[in-house]
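Novice: quick one, what's the 3D model for this:
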Amino acid sequence: MKYEIHLKQQSRKGGNKVLLIRVDDGSNVIYREWGLEGKKMQTSTKEVQGKNIGKSNETSPHEQAVIEAKAITTRKIKEGYRNAEDAEAQEESREFQFDPLPENFCPSKPINDPPKGVSFAGGYEGYFAERKNNGVNLLQVTDLQGAKHTYTRGIKDITHLVDGIPEIRAFNQIETKPGSIISYEFVYYNALSQEVPKDMRGIVNERTSAEKAKARYQKLVDGGGRFKVIVFDCLFWNNHDVTGWDYQKRRFILDKVFFEQHPELKSHSVSQLTPDIIQKAADVGWEGWILRKLTGPESTIEYTMNGKPYRRGAWKFKYEYTDDYIIWEAALGDAGRLKGKLAKFHLGKYDDDGTLISCGWAGPGNIPTEELDDLATKLGVDTTKMLPGNVVMTEVITVEVKFQSKQPGSNALEFPVIRELRPDKEPKECLLEDKPVIIGLPEKQEAETEVAVAVSNPVKTLNHNEVFS
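Specialist: Prediction:
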């Protein structure tokens, strides 16, 4: 059996990246050829051996090569590649489709690296600030027939999973124009009013079922938690792409359709940050702020059709360094509570060409010991058969990492701690270009290491809507 597939992805610079993956009939060699269309190609070969010899699930060298070639294909599609024929057909069509949403559609997201000169010391004059909510980013899509659909940031249709969630159902009952896409944050607050996105894994993960999602939701609510929809931005409206409009114009749509009639959908916002506001937000445990220009080129956002987000139009300011990374390699622990379990993880990000770049190693951090076995399963690892040393994963997974700084002249992190798994975020979104930026509390501008103190205290149980009243 011969396996061959041609993949294609639009590059950030406007060209097309092509990738051929092939296993010839009877061969145990995976052949890959890639590069920019019309330019010199690079090639690689990998010889594969059979697995589980002598067992009922034994695979021959050729069969195992095909299995691994298909796994590479799946990973590349998750990174934004498409079957070349499908990609060319869509390019010729030129008409944006809302049902289903194109798999390679990738909306803009806030960037860590702010515009030059933007800092607390330099002032935030001319910027619109709103609370950064630590939830799960979803897209409400109204197709050309007026039907509502719900997509994840990774463009997975989860309409069937969340139709029974009261907050999302109520949000979808608000009348919007056909051919519209609204970006919003779905946030869960536990009984202490802390935002805990990892607890929503069983609700918005496309691999679950509607019954399990509803049961998970009810369990969290019964435990004293609550959910909230917070509208973030408008990408399409009335079959028009509005990402190139000034934020002030996009905001007018949001105000008239959502905020004036449903103020609970609006994030807390201010026209300009002050030292007092920044300190209050840190004291009650907010993650940080989003800053945006109201008008001008810096106020517009973008989307791509190559599976990788362009970052502009919104900037994140946090009280501590956190960022998303992928796990692509792991090692077993040899002592203590982590003996025989995954204990060390190789972090990575993708560069502009889609090459995986090492960002150093991290321990399991806040991942409970009992969840490490589940993590091994998700990563395709049988820890009972692992030998000492590092194992490259068959599946990569996204995690949120807290760290003190980046090492000088390196992509590695200083004192990284894995905070939680983020299956709601696609690996292809973990790009190397971001720089870590935090918002220094006014009285602590000279000592960055002290900034996290304000958020390390126990979070007070407060109604966050009343914090600044």
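
Novice: mind picking out the helix or strand in this structure with the poorest mean pLDDT?
Specialist: Every helix and strand in the chain was compared by mean pLDDT, DSSP states H and E; the lowest is helix 453-456, with a mean of 26.

Novice: tell me what residue 45 is bridged to.
Specialist: Beta-bridge partners for residue 45, by DSSP bridges, are residue 31.

Novice: what's the neighbour count on it?
Specialist: By other CB atoms under 10 Å, 10 other residues sit near residue 45. C-betas here are computed from N, CA, C, even on glycine.

Novice: before we move on, what about residue 223?
Specialist: Other residues within reach of residue 223, judged by other CB under 10 Å, total 10.

Novice: wait, it touches residue 190, no?
Specialist: Yes - here residue 223 lies in contact with residue 190, judged by CB atoms under 8 Å, at a distance of 7.5 Å.

Novice: for residue 24, which non-adjacent residue is spatially closest?
Specialist: residue 2 (5.8 Å; CB to CB, 6 or more residues apart in numbering).

Novice: any idea which element residue 289 lies in?
Specialist: strand 288-293 (DSSP states H and E).

Novice: what's the next secondary structure element after that strand?
Specialist: Next along from strand 288-293, by DSSP H and E: strand 303-304.

Novice: CA atoms of the helix or strand just after that next one as PDB?
Specialist: Once strand 303-304 ends, the next helix or strand along the chain (criterion: DSSP H and E) is strand 315-318. Extracted as PDB, the C-alpha positions of strand 315-318 are listed here (Å, rounded to 0.1, in the frame of the first residue of the first chain):
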ATOM      1  CA  TRP A 315      -2.100  44.100  23.600                       C
ATOM      2  CA  LYS A 316      -1.900  42.100  26.800                       C
ATOM      3  CA  PHE A 317      -0.600  43.500  30.000                       C
ATOM      4  CA  LYS A 318      -0.300  41.000  32.800                       C
END
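
Novice: strand 315-318 - contacts with which helices or strands?
Specialist: Counting contacts by 3 or more CB pairs under 8 Å, 6 or more residues apart in numbering; DSSP states H and E, strand 315-318 is packed against strand 288-293.

Novice: how far does the strand it packs on sit from the chain's center?
Specialist: 18 Å (CA atoms, centre = their mean, to the nearest Å).

Novice: pLDDT on it, on average?
Specialist: Mean per-residue pLDDT for strand 288-293: 87.

Novice: over to stretch 253-263?
Specialist: The average pLDDT within stretch 253-263 is 95.

Novice: contact partners of it?
Specialist: Residues from elsewhere that reach stretch 253-263, judged by CB atoms under 8 Å, 6 or more residues apart in numbering: 174-176, 231, 233-234, 237, 242, 265-266.

Novice: can we see that at 6 Å?
Specialist: Contacts to stretch 253-263, defined as CB atoms under 6 Å, 6 or more residues apart in numbering, come from residues 231, 234, 237, 265-266.

Novice: now those residues in CSV, with distance to residue 316?
Specialist: As requested, the contacts of stretch 253-263 are exported to CSV (distance: CB to CB, whole Å):
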residue, distance to residue 316
231, 18
234, 20
237, 25
265, 21
266, 19
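
Novice: ok, and the closest non-adjacent residue to residue 327?
Specialist: Per CB to CB, 6+ apart, closest to residue 327 is residue 345, 4.7 Å.

Novice: an error on my part: the question was meant for residue 232.
Specialist: Using CB to CB, 6+ apart, the nearest residue to residue 232 is residue 183, at 4.6 Å.

Novice: pLDDT value on that neighbour, please?
Specialist: In this model, residue 183 is scored at 96, pLDDT.

Novice: for the one 5 residues further on, same thing?
Specialist: The predicted structure scores residue 188 at 94 on the pLDDT scale.

Novice: same question, residue 100
Specialist: Residue 100 is given a pLDDT of 90.

Novice: coming back round to it: and the two most separated of the contacts of stretch 253-263?
Specialist: 237 and 266 (17.7 Å; CB to CB).

Novice: would you mind listing the buried residues in stretch 261-276?
Specialist: 265-268, 270, 273 (16 or more other CB atoms under 10 Å).

Novice: of all those, which two lie farthest apart?
Specialist: Among those, 265 and 273 lie farthest apart (CB to CB), at 22.1 Å.

Novice: which residues touch the closest residue to residue 149 other than its chain neighbours?
Specialist: The shortest distance from residue 149 to any non-neighbouring residue, by CB to CB, 6+ apart, is to residue 141 (4.3 Å). Applying CB under 6 Å, 6+ apart to residue 141 gives the contacts 98, 101, 149, 151, 181.

Novice: quick check: phi and psi at residue 141.
Specialist: phi -110, psi 120 (degrees, to the nearest 10).

Novice: domains of this protein?
Specialist: For the chain, automatic domain parsing gives the domain ranges 3-93, 106-318, 322-429.

Novice: those: lowest mean pLDDT?
Specialist: domain 322-429 (a mean of 78).

Novice: in the chain, which spans are helices?
Specialist: Under the criterion DSSP state H, the chain contains helices at 61-78, 84-93, 159-162, 166-172, 201-204, 210-222, 247-254, 275-283, 369-378, 453-456.
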